[in-house]
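Peer 1: coords please:
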Amino acid sequence: MSDALTLPAERRERAGKGASRSLRREGRIPAVIYGGKEEPITIHVEEKELIRQLNTGHFMNSILQIEMGGDSIRAIPKDVALHPVTDRPLHADFFRLSKGGKIEVSVPVVFINEEASPGLKKGGVLNVVRHELDLVCENDKIPGEIEIDVTGKQVGDSIHISEVTLPAGSESAITDRDFTIATLVAPSALKKSEDETEEVAADEVTASAQKGDDSDD
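Peer 2: Predicted structure coming up:
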C-alpha cells in the first residue's frame, strides 16, 4: 500500500438520513469505521479534504491514520459512495486495521526488466490481463505494489500467479486456479484480438436493434 495518509475526522453523534443530509449541507461527509472485532464508529470528514485525497489517485490503496481529537485509528478505505450525477462523495466506509489481523486488498502490478525480455525487444506487446492482484495480507504487511519480472520472456509466453513470488505476509485470494496475469503477444495478434472484440460488440448491437424492431411489430 501507499504511505500512510492522515485524515482528520470528528465523531458523529446522530445517525440517519436526515442527519447525513444536514452534514452534507455543512460540507461534511458521513462515514463509518468498522472491523477489527470492535464496534463500528460513526464519524464525519471534511468534504474538500476527502475529495483532495481521492484526487491523488492512490487514496483507495492507502493506509490511513484517521485522527479524531486525541485518538488515532489505523484503517484503509473500503468504499466511497459518489453521487451518480455530480460525483460528489455521499458516504465513506473505512476498515479498521487491528494488530495481527488479515484483510483482502487489491494491489497494483508493476512489470520490471522489460529491456531483458527478448520478446519485447523484438516488438512483442505485453498484454496485461490483470492490473491488480487480489491478495489476503497481514494488516501490517500490505504491499504497495507487486513486481513481476519479465526477464527472458518470449512472444507466446504467459505469466501466471504461480510464477509470482509474493511478499511475506501475503497470499493470493484466488486459490482455485492458476490464473493468467499477462501474456506476451505479437502486435498482429493483439490487433486481431481487438478486431474480434469489436466485431462481437457490433454483432451484439445489431442483434439488439433487430430484436427491438421485431418487438415493435
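Peer 1: and the residue nearest the centre of the chain, helix, strand or coil?
Peer 2: Residue closest to the average C-alpha location in the chain (CA atoms, centre = their mean): residue 106, at 5.1 Å. Taking DSSP: H, G, I helix; E, B strand; the rest coil as the rule, one finds residue 106 in the strand state.
Peer 1: What of residue 140?
Peer 2: coil.
Peer 1: The spatially closest residue to it that is not a sequence neighbour - how many residues pack around it?
Peer 2: In space, and not counting its chain neighbours, residue 140 is closest to residue 99: 7.1 Å by CB to CB, 6 or more residues apart in numbering. C-beta here means a position set from N, CA and C on the backbone, and glycine is covered the same way. The local packing of residue 99 (other CB atoms under 10 Å) involves 9 other residues.
Peer 1: Verify the stated contact: residue 99 with residue 139.
Peer 2: Yes: counting by CB atoms under 8 Å, residue 99 does reach residue 139; the two are 6.9 Å apart.
Peer 1: got the contact list for residue 128?
Peer 2: 109, 111, 181, 182 (CB atoms under 8 Å, 6 or more residues apart in numbering).
Peer 1: Neighbours of residue 144, how many?
Peer 2: By other CB under 10 Å, the residues close to residue 144 number 15.
Peer 1: Residue 135 versus that one, what's the distance?
Peer 2: According to CB to CB, to the nearest Å, residue 144 and residue 135 sit 12 Å apart.
Peer 1: partners of residue 44 in the sheet?
Peer 2: Counting by DSSP bridges, residue 44 is bridged to residue 10, residue 30.
Peer 1: is it true that it touches residue 12?
Peer 2: Yes: Residue 44 is within contact range of residue 12, at 5.0 Å (criterion: CB under 8 Å).
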